[in-house]
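Peer 1: Got a sequence here, can you model it:
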Amino acid sequence: MGYFPLFVDLKDKNILIVGGGKVAFRKILKLIPFEPKIIIVAPEICCEVERLLEENKSLIYRKKRVEIEDIKNAFIVISATNDKSVNNLVATVCKENNIFVNSVDDIENCSFIFPALVKKGEFIAGLSTSGKAPDVAAYLKTLTEQVIPENLEEVIENLGLLRQELKSQVPEQSVRAKIIHELLEFYKNKNFLLSYEELKNEMNNLVESISIKN
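Peer 2: Numbering: from 1, shown residues only. Below you'll find the model as predicted:
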């Protein structure tokens, strides 16, 4: 059984990080671009986490051992410790309160796992081997990054705007999908090096072509 990939809005959500070592540091780095409210609970933190606290004033650090109330107030919990008893406590409380939990390198205490992330603007891809072979996911992440167009953010912005315009011109969803597919192929054949106006002209040509056929 694999893990279902679910994309969640984390902005301003309470994310509890239990632990302050280098593993916690790596998880925090992955989360920061998604703008959650990150709360770190640990008796001690490493110098890397200290630096993040200095650079990101939105991060909250509570110098103590984790307590049940800390967990209950979280939207998602990441247990980044090497203490099995702490991982078990965190996982148990999370499961009892229907809170998603990730225990690093402790798959039995996870209700979700971190994918290898590829993020470029609004484009986000998560690659996973369901926790079995993370190195494979990391390798596939590298391959994915190599084939992404340099101007991907512009590509997404242009096609997003044209998709909205197309909705007002073509009421049938299936026809719109066909036009967008052909427009994307046209864009790709030009190495994604077209202006918004050039793309819009091509879209209008496609709309006109379909109208003539009908």
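Peer 1: Domains in the chain, by residue range?
Peer 2: Structurally, the chain divides into domains by automatic domain parsing as follows: 14-114, 115-148, 152-213.
Peer 1: ok, residues contacting the helix or strand harbouring Ala24?
Peer 2: Element membership of Ala24 [criterion: DSSP states H and E] is helix 22-31. Helix 22-31 is contacted from outside by 10, 15, 17-18, 38, 40, 42, 45-46, 48-49, 52, 59, 78, 80, 102, 104-105, 114, 117, using CB atoms under 8 Å, 6 or more residues apart in numbering. (Glycine included, C-beta is placed from N, CA and C.)
Peer 1: avg pLDDT for the helix or strand following that helix?
Peer 2: Counting by DSSP H and E, the element after helix 22-31 in chain order, helix or strand, is strand 37-42. If you average the pLDDT over strand 37-42, you get 98.
Peer 1: list the helices and strands strand 37-42 packs on?
Peer 2: Contacts defined by 3 or more CB pairs under 8 Å, 6 or more residues apart in numbering; DSSP states H and E place strand 37-42 against strand 14-18, helix 22-31, strand 60-63.
Peer 1: Of the domains of the chain, which stretch is the most buried?
Peer 2: The highest average neighbour count among the domains of the chain, using mean count of other CB atoms under 10 Å, belongs to domain 14-114 at a mean of 17.
Peer 1: Off-centre distance for that one?
Peer 2: 17 Å (CA atoms, centre = their mean, to the nearest Å).
Peer 1: Next, the distance between the ends of that domain.
Peer 2: Domain 14-114 has an end-to-end distance of 17 Å (criterion: CA to CA, to the nearest Å).
Peer 1: Any regions of the protein where pLDDT drops low?
Peer 2: Along the chain, the parts satisfying pLDDT under 70 run over 1, 211-214.
Peer 1: Just confirm Leu166 contacts Asn204, I think it does.
Peer 2: No. If you go by CB atoms under 8 Å, Leu166 and Asn204 don't touch, sitting 9.8 Å apart.
Peer 1: Glu182 contacts Met203, correct?
Peer 2: No. Taking contacts as CB under 8 Å, Glu182 lies outside contact range of Met203: 9.1 Å.
Peer 1: that older thread, looking at the helices and strands packed on strand 37-42, which is nearest to Ala137?
Peer 2: helix 22-31 (13.1 Å; CB to CB).
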